[in-house]
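J.: Predicted model and sequence below, questions to follow.
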Amino acid sequence: MDRLQFIMPVRIVTEAGRPVTEIYDVEEALTFLQNWSGAPESPIYQRALNSCFAATIDQESADDARKAFMALARVSGILARDMSVPAGVLESETLPKPPGA
């Protein structure tokens with residue numbers, strides 16, 4: 001398996017009524033992020049972009065990049081409704097950690 005491939009594709013819907021798009025790997029996620037006009041100034045967008053880029057140069061795992069991309073998709077409202085997210089997976093990406101945690 002390619003080291004940049006996601007264990008499971010991230011399913012997104014960029015506009016209501018449009019078909020679901022499946023993102024299968026870090027490179028597809030990075031391309032999507034670079035072309036997306038969603039929220040490039042937001043910290044969660046920057047985290048997803050940085051994480052995907054870091055994965056391409058072996059500084060982060062594809063799984064970490066997938067989690068960051070999914071967090072952005074969920075917060076931005078483009079994560080497909082049928083996309084299952086295990087409890088606790090995205091909270092660490094979106095919520096600040098309490099001091100001492």
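T.: Ah, there it is. Residues are numbered from 1 along each chain as shown.

J.: Any stretches of the protein with poor pLDDT?
T.: 1, 84-101 (pLDDT under 70).

J.: The spatially most central residue of it in helix, strand or coil?
T.: Central residue of the chain (C-alpha atoms, centre = their mean): residue 69, 0.6 Å from the mean position. What DSSP: H, G, I helix; E, B strand; the rest coil gives for residue 69 is helix.

J.: gap between it and residue 19?
T.: To residue 19, residue 69 is 19 Å away according to C-beta to C-beta, to the nearest Å. In this view, the C-beta of every residue, glycine as well, is placed from N, C-alpha and C.

J.: show me where the chain has helices.
T.: For the chain, the helices defined by DSSP state H cover 26-35, 43-56, 62-76, 91-94.

J.: residues near the residue nearest to residue 58 when sequence neighbours are not counted, how many?
T.: Leaving aside its sequence neighbours, residue 58 sits nearest to residue 3 (C-beta to C-beta, 6 or more residues apart in numbering; 7.9 Å). Neighbours of residue 3 under the rule other C-beta atoms under 10 Å: 11.

J.: what's the distance between residue 3 and residue 59?
T.: Going from residue 3 to residue 59 by C-beta to C-beta gives 12 Å.

J.: Is there a neighbour count for residue 74? I'd like the number.
T.: Residue 74: 19 neighbours (other C-beta under 10 Å).

J.: oh, I was asking about residue 11
T.: Count around residue 11 with other C-beta under 10 Å applied: 18.

J.: Dig out what it forms beta bridges with.
T.: On the basis of DSSP bridges, residue 11 is bridged to residue 22.
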